[in-house]
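Novice: Quick one: sequence plus predicted model below, questions after.
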Amino acid sequence: MKKSIVALSALTVAGLASAQSSVRLFGALDAGVSYYDAKTTNLTTGASTKQSSWRQSSSGYNSSRLGFLGTEDLGGGLAAGFWLEMGLNNDTGDAGQAAGVGSGGSTAGVPNTGPALFNRRSTVSLSGPLGEVRLGRDYTPSFWNDTVFDPFGTNGVGTNLLTSAHTGDLNSIRTSNSVGYFLPADLGGFYGQFQYGISENVKTTGVASSDAGRGIAGRLGYTNGPVNVALAYGQSTVLDIPAVSQSKVTTANLGAHYDFGIIKAFVQLSQIKYTTDFNTPQAGTELKRNGYLIGLTAPVGPGVIRASYTVAKDSLSGVPDPEASKLSIGYVHNLSKRTALYATASRINNKNGQRVNFGGAGTAFLTTTPGNIQSAGVANGYDMGIRHAF
Amino acid sequence: MKKSIVALSALTVAGLASAQSSVRLFGALDAGVSYYDAKTTNLTTGASTKQSSWRQSSSGYNSSRLGFLGTEDLGGGLAAGFWLEMGLNNDTGDAGQAAGVGSGGSTAGVPNTGPALFNRRSTVSLSGPLGEVRLGRDYTPSFWNDTVFDPFGTNGVGTNLLTSAHTGDLNSIRTSNSVGYFLPADLGGFYGQFQYGISENVKTTGVASSDAGRGIAGRLGYTNGPVNVALAYGQSTVLDIPAVSQSKVTTANLGAHYDFGIIKAFVQLSQIKYTTDFNTPQAGTELKRNGYLIGLTAPVGPGVIRASYTVAKDSLSGVPDPEASKLSIGYVHNLSKRTALYATASRINNKNGQRVNFGGAGTAFLTTTPGNIQSAGVANGYDMGIRHAF
Amino acid sequence: MKKSIVALSALTVAGLASAQSSVRLFGALDAGVSYYDAKTTNLTTGASTKQSSWRQSSSGYNSSRLGFLGTEDLGGGLAAGFWLEMGLNNDTGDAGQAAGVGSGGSTAGVPNTGPALFNRRSTVSLSGPLGEVRLGRDYTPSFWNDTVFDPFGTNGVGTNLLTSAHTGDLNSIRTSNSVGYFLPADLGGFYGQFQYGISENVKTTGVASSDAGRGIAGRLGYTNGPVNVALAYGQSTVLDIPAVSQSKVTTANLGAHYDFGIIKAFVQLSQIKYTTDFNTPQAGTELKRNGYLIGLTAPVGPGVIRASYTVAKDSLSGVPDPEASKLSIGYVHNLSKRTALYATASRINNKNGQRVNFGGAGTAFLTTTPGNIQSAGVANGYDMGIRHAF
């Protein structure tokens, strides 16, 4: 079949010519059993209801995923690389369906409605002495602060309240259509990145064009021996869903951890600001969410103890500020470098009408409407599972 | 880009640190051409209609699939492992879309409506001297009896009538959100497994909660030299689609095969019992489907002859029991250990208003409503294809 | 867990027994930034509007993809092989969603509405001294002429107008449910293929059955030293969407290229003919699109200059023939065999009510309705990106 193969090669290009060793397959499966409960009180009648659920959870310690990556040395300090990574929910076999979540910068500023496969990351990049240029769907700079400076990263019931709040908007985890630049490595401990998300809107002469979907963000940090500190900032324009108008979302985040040897201490300050009509009742006003986290990890033999305390407070005019705090403690037992057992317990306290509780695989702000007649006083979440990386 | 890679490693964990050799890629493509026909008779007028269709079939001999698996030796007899396997329809390029089918134990007891990728199996497990614990989407115990004790397994026109009937409910092939336990290997020929599917329903105080989606099942068998025999049982609660009420589905299955050398003999007894409103006309009643299979395989040079006779009878009050029987014969010609050509012919006889015929890639009960004015007397199905495994 | 593995092997067959080396993983990521504009003039008022858009484009030089393939030597000159290839849009992480596009031969003649994964190609084949038989979803013979005899292949803004037109029907790129035959390689430079797409429609006695979805196509060529010439022909029956009636689509295509050393010259002649009600206003009439392309590629150090001029003219009764011409020029700079930077600029001129402009990742006929009050005079498209193959 030599001739037909010749024809095929016109399309498959170097793909067929390259050795298989240029691709590295990697991933992780993290599955467990979780229990969540929440007590809701009707503020008018005083009656309370308890809701609870057992779940098979996915990604309680690390995100389940499957990926393909590779790099090519181009000579002269230049390298090309690609990274394709899908999410996995191994309780059901779903993979990469949540294209829309976190897809700021997508066409017209609304999330992708169709399923995406390599929704965690799909990038191609060129790197050299001056840094790296990266194109495609990628993590936002803010996200790295969220995950690096939290003892629980961004997985499971223990993750901090501000990170969770992030999942409610389009710009906090990943950005489609992004053009990224990363500083080179040899800057004496300084590191940084800049990201621009193309809106892909159509501009018509004489018609006001939309910025929806455009994102701009950056992160600058310093690491040296036991210390790591970074500041992240992002601003993006989103369409509310159902799309009626634009909102501006601004995220600022300062985080640090310091390794004392016996323990590693974590601290994080975050602010998320929504302007315009993010919540219909507050149309035209600004919604601010301030929060902080303090935490630690402590190695214990082959394991690690993790703990954190985090607070998030909303600023709304005319009402007491809705507030939630969360205390989490957990233990990870490493059976090997690749396989670990883990357990996490977390408790949320809501005040002033705030209603944070435990959703599927983490925590989520339900409603922040002031004067809400229902209030979740206390919510508990427990994860117990296994993480196997490959 | 050393610094940005450091940041990434916080998320990708051991995935990047591990060698690629820990993952095994496997799969099979099975494609063929099939012809189906069915003769339907109007019981009132006596007029008959013949319908037929040529198809490009997928998975006529073995299920087309693509998978990734791996195990890690943890020392002390312990091992961790993962298994990700998607289905494939290589006539169209579809992969793993049928998430809902067979997904008993899914959230709220209804099938997953979104597409799943690794819908055949997506599990992570820990095994040791006491057995294996497995979490994720997995095959039901009943399914293993269906496929192991049928000369045609669960693929193509030759597969037995009870197996086919299974595809009509949510609990017979795979279960999402499952926690499984497998007996260890050194029990003198005895083997077994137990499976629990978590319903994931929310329980609210003072409100009757739903069991829909919960499944419980087990299988116990014995194999030694030429003999292999196993009993499987499963009970699950499903929501009918469109979901209005719950039904209980109970499956019991006893199968065996014995290798006489010249031929290998197969026998299987099955019962599926639906209670409550499985079929609207029979709301409140119980629907029972009893069936059996006898079959054989016989090696002939590099090939194998396969044959089976199977009967399935429904029990409905007040009407003659709808019944179907099926005679199948086929030949598999192995070109190598990985590549085979195959052909199967199968003929179904329907009685008492039963309407079993050949659907896409197998057989399916159409309607079992008694007194139905249409009756498919005879249906024929033919598969001819190639199976290439890798 | 030996026993449960035994049970699994009954299903996974040779897949687990084979060495991993039998599978080759390949692919490419091609990402870039594109700018499109188009000037539309209202033919009645004379007022003109300019529209423009920046995009992150995917596949501007080669199609982004991820694939798995393998072959097995069966001895005696026989070989079995499989090919699974998904498309990728790495700006969003989407993969293989466009199942319906180009899926002539799909069930009932309408495109697959569900997402497909390996939508570029999913085939299993058996080859030997007499040629190759291939089953599954595959490229049409016409497509190979389109891509081989165009300096810009079928990617990006530079691709020829007839190729673009193709994307508007179901039969021009790929066919599901296909049975293909390829001539053997040792025919003194002659090569060829034949393809049949099964309609999968149900035939009922006494009822006129539909041909929708059936496709038949072939390609015959000759290559020797610097010359390569091929003729492709295809005819298929499609249902319009929304499906109300059938249309016949006939494609004929003659292409050649000749390598003079300093430059390689390309020439292509194409005709696409739709009969019956392709466009509602022209129901019952025949729509013909004739076109040609002349082009060249010229090696320049590690790079290649590419240029083409292409014209497409529609034949409609009673109106001046809508016509578009396109001039494209580009440069590909190879950083290595696997990695290249590229830039392409293209300009379209529309006449007689034609409205061709630049869509997402290429060009698309918008409307060919005569007398349309809007006419795009000139449209420009620019691609700039990186292609990394692995």
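Specialist: Structure's in. What do you need?

Novice: Could you use CA atoms for every contact and neighbour count after this?
Specialist: OK.

Novice: Say whether chain B is contacted by whichever strand or helix holds A:Asn350.
Specialist: Using DSSP states H and E, A:Asn350 sits in strand A:339-351. Yes - applying Cα under 8 Å from any Cα of the partner chain, one finds strand A:339-351 touching chain B at A:Thr339.

Novice: what's that strand packed up against?
Specialist: Applying 3 or more Cα pairs under 8 Å, 6 or more residues apart in numbering or on different chains; DSSP states H and E, we find strand A:339-351 packed against strand A:323-334, strand A:356-359, strand A:374-389.

Novice: Contact residues of the stretch 201-350 of chain A facing chain B?
Specialist: Residues of the stretch 201-350 of chain A lying near chain B (Cα under 8 Å from any Cα): A:335-339.

Novice: buried sites along stretch A:46-57?
Specialist: Burial within stretch A:46-57, assessed by neighbour count using 16 or more other Cα atoms under 10 Å in any protein chain shown, is assigned to A:50-57.

Novice: neighbours around the closest residue to A:Tyr181 other than its chain neighbours, how many?
Specialist: Nearest residue to A:Tyr181, sequence neighbours excluded (Cα to Cα, 6 or more residues apart in numbering or on different chains): A:Val133, at 4.7 Å. Counted by other Cα atoms under 10 Å in any protein chain shown, the residues lying close to A:Val133 total 19.

Novice: Centre-most residue in chain A?
Specialist: Central residue of chain A (Cα atoms, centre = their mean): A:Ile173, 3.7 Å from the mean position.

Novice: Tell me where the stretch 51-200 of chain A has strands.
Specialist: Here the stretch 51-200 of chain A has its strands, by DSSP state E, counting those that start in this stretch, at A:65-75, A:78-89, A:94-95, A:103-104, A:121-128, A:131-139, A:174-182, A:190-197.

Novice: which of the ones you listed sits most buried?
Specialist: Ranked by mean neighbour count, the strands of the stretch 51-200 of chain A are led by strand A:103-104 with a mean of 32 (mean count of other Cα atoms under 10 Å in any protein chain shown).

Novice: Around chain C, which positions in the stretch 151-300 of chain A sit nearby?
Specialist: A:176-178, A:198-205.

Novice: before we move on, back to that, between the buried residues of stretch A:46-57, which is nearest C:Ala343?
Specialist: A:Ser57 (46.4 Å; Cα to Cα).

Novice: Could you confirm whether any residue of the longest strand along chain A contacts chain C?
Specialist: In chain A, taking DSSP state E as the definition, the longest strand is strand A:24-42. No - Strand A:24-42 is not in contact with chain C by Cα under 8 Å from any Cα; minimum separation 9.8 Å.

Novice: Only the buried residues of that strand, if you could.
Specialist: Buried, per 16+ other Cα under 10 Å, within strand A:24-42: A:24-41.

Novice: Against which helices or strands is that strand packed?
Specialist: strand A:48-58, strand A:65-75, strand A:356-359, strand A:374-389, helix B:14-17, strand B:121-128, strand B:131-139.

Novice: Would you mind putting these into a markdown table with mean pLDDT alongside?
Specialist: What follows is these, written out as a markdown table (pLDDT from 0 to 100):
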| stretch | mean pLDDT |
| --- | --- |
| strand A:48-58 | 85 |
| strand A:65-75 | 95 |
| strand A:356-359 | 73 |
| strand A:374-389 | 86 |
| helix B:14-17 | 34 |
| strand B:121-128 | 96 |
| strand B:131-139 | 95 |
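
Novice: any low-confidence regions in chain A?
Specialist: A:1-21, A:43, A:96-115, A:163-172, A:209, A:239-246, A:276-285, A:317, A:359-376 (pLDDT under 70).
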